[in-house]
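build the 3D model from these lines:
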Amino acid sequence: MQAIRSILVLVTPQHPEALALKRAKLIAGVTGSHLHLLACDPRHDHTAYLDELRVTLQQEGYSVSAEQAWHDSLNDTLIRVQQAEGCGLVVKQHLPDNPLKRALLTPDDWKLLRYCPCPVLMVKTERSWQGGTILAAVDVGNADSEHRTLHSSIVSHGFDIAALAKAELHVISAYPAPMLSAADPTFQLRDTIEARYRSHCQAFQAEYAISDACLHLVEGPADTLIPKVAHELDAVVTVIGTVARTGLSGALIGNTAEVILDSLHSDVLVLKPDDIIDHLETLVAQR
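Just a heads-up that it's a prediction; the model follows:
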């Protein structure tokens with residue numbers, strides 16, 4: 001989080017007190033990041049609004065630029081501007097889709113999470129981050145190098161957010177139920193499964209001083225347990241990552257982040273591994 005030098009913020013002239021800008025200002029105020037304001041509207045001119053907002057923020061001490069743009073769709077516009085401006089974070093307010101519409105069409109925010117080549121912060125609530133709980137969700141059952149790198153990034157971002165908001169960092173990892181037929185004896189007993197997952201957490205626990213009380217190893221599906229634990233802890237931010245596969249799926253995010261987006265009552269930060277980011281940047285460049 002500290003390494004982010006420029007933040008792309010989707011602003012809506014109809015809602016000048018939008019939550020996305022408030023969150024972006026909080027981050028920029030601590031990290032010194034530049035704010036690039038983007039209004040996406042193919043029909044109306046918002047130059048005056050953007051100029052006024054830019055001047056106001058500059059007077060408050062922020063480094064700011066602003067533009068209005070449109071390329072086919074909201075998500076396409078966000079991604080093109082993010083690439084053109086070299087922004088390391090996209091901040092957008094999340095507005096839940098109608099359940100019927102979501103059943104028929106892929107929600108716009110899901111598309112943004114799938115294809116944006118940088119971390120995306122979906123802002124969902126007005127609650128202050130100050131003094132709250134930050135929840136980082138990791139899948140330590142996958143211990144290959146790609147996952148280990150992603151786990152480190154998730155916990156590191158959670159640690160940075162906790163530091164800037166003077167909040168407490170918690171970590172969750174869901175593990176599978178015992179299977180007597182499992183080839184590996186470790187996965188035949190609940191105690192041995194939990195012990196293996198706990199051992200995978202020791203490195204980042206030591207690095208970020210995460211106590212056992214702030215480590216939540218729970219049995220069951222991640223897409224159910226992450227929102228449950230986030231609610232129990234009253235988390236203000238949930239940090240989650242994804243590892244996609246090669247080929248066509250290399251451009252697709254795992255569906256856990258998508259499924260829990262509407263279930264969580266916290267802001268959501270979604271991260272991707274470097275190789276997926278590189279692949280998505282290549283796809284954007286080919287458009």
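
low-confidence stretches in this protein?
Low-confidence segments of the chain, defined by pLDDT under 70: 1-2, 16-17, 97-106, 143, 178-190, 243-255, 273-287.

what segments of it are strands?
Ranges of strands in the chain, per DSSP state E, are 6-10, 34-40, 64-69, 89-93, 120-123, 133-137, 168-175, 215-219, 237-241, 267-271.

quick one: the second one to chain centroid distance?
So that's strand 34-40. 18 Å (C-alpha atoms, centre = their mean, to the nearest Å).

domain assignment for this protein?
6-93, 133-285 (automatic domain parsing).

let me know which of the strands of the chain is tucked in deepest.
Greatest average neighbour count among the strands of the chain goes to strand 237-241 (a mean of 29), per mean count of other C-beta atoms under 10 Å. For every residue, glycine as well, the C-beta is placed using N, CA and C.

thinking again about what came up before, now render the domains of the chain as CSV, adding distance to residue 117.
Listed next are those as CSV, based on distance: least, C-beta to C-beta, whole Å:
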stretch, distance to residue 117
domain 6-93, 7
domain 133-285, 4
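
quick one: residue 52 from residue 233, how far?
Using C-beta to C-beta, to the nearest Å, residue 52 is found at 39 Å from residue 233.

and what of residue 50?
38 Å.

residue 191 too?
24 Å.

more neighbours, the two?
residue 233 (19 against 9; other C-beta atoms under 10 Å).

any figure for the gap between the more buried one and residue 123?
19 Å.

all helices of this structure, in order?
All helices of the chain, identified by DSSP state H, fall at 19-31, 47-59, 74-85, 99-104, 108-115, 145-164, 190-208, 222-233, 255-261, 274-285.

redo those as JSON lines? Include distance to residue 136.
Shown next, in JSON lines, are those (distance: least, C-beta to C-beta, whole Å):
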{"stretch": "helix 19-31", "distance to residue 136": "17"}
{"stretch": "helix 47-59", "distance to residue 136": "30"}
{"stretch": "helix 74-85", "distance to residue 136": "23"}
{"stretch": "helix 99-104", "distance to residue 136": "27"}
{"stretch": "helix 108-115", "distance to residue 136": "17"}
{"stretch": "helix 145-164", "distance to residue 136": "3"}
{"stretch": "helix 190-208", "distance to residue 136": "9"}
{"stretch": "helix 222-233", "distance to residue 136": "10"}
{"stretch": "helix 255-261", "distance to residue 136": "13"}
{"stretch": "helix 274-285", "distance to residue 136": "18"}
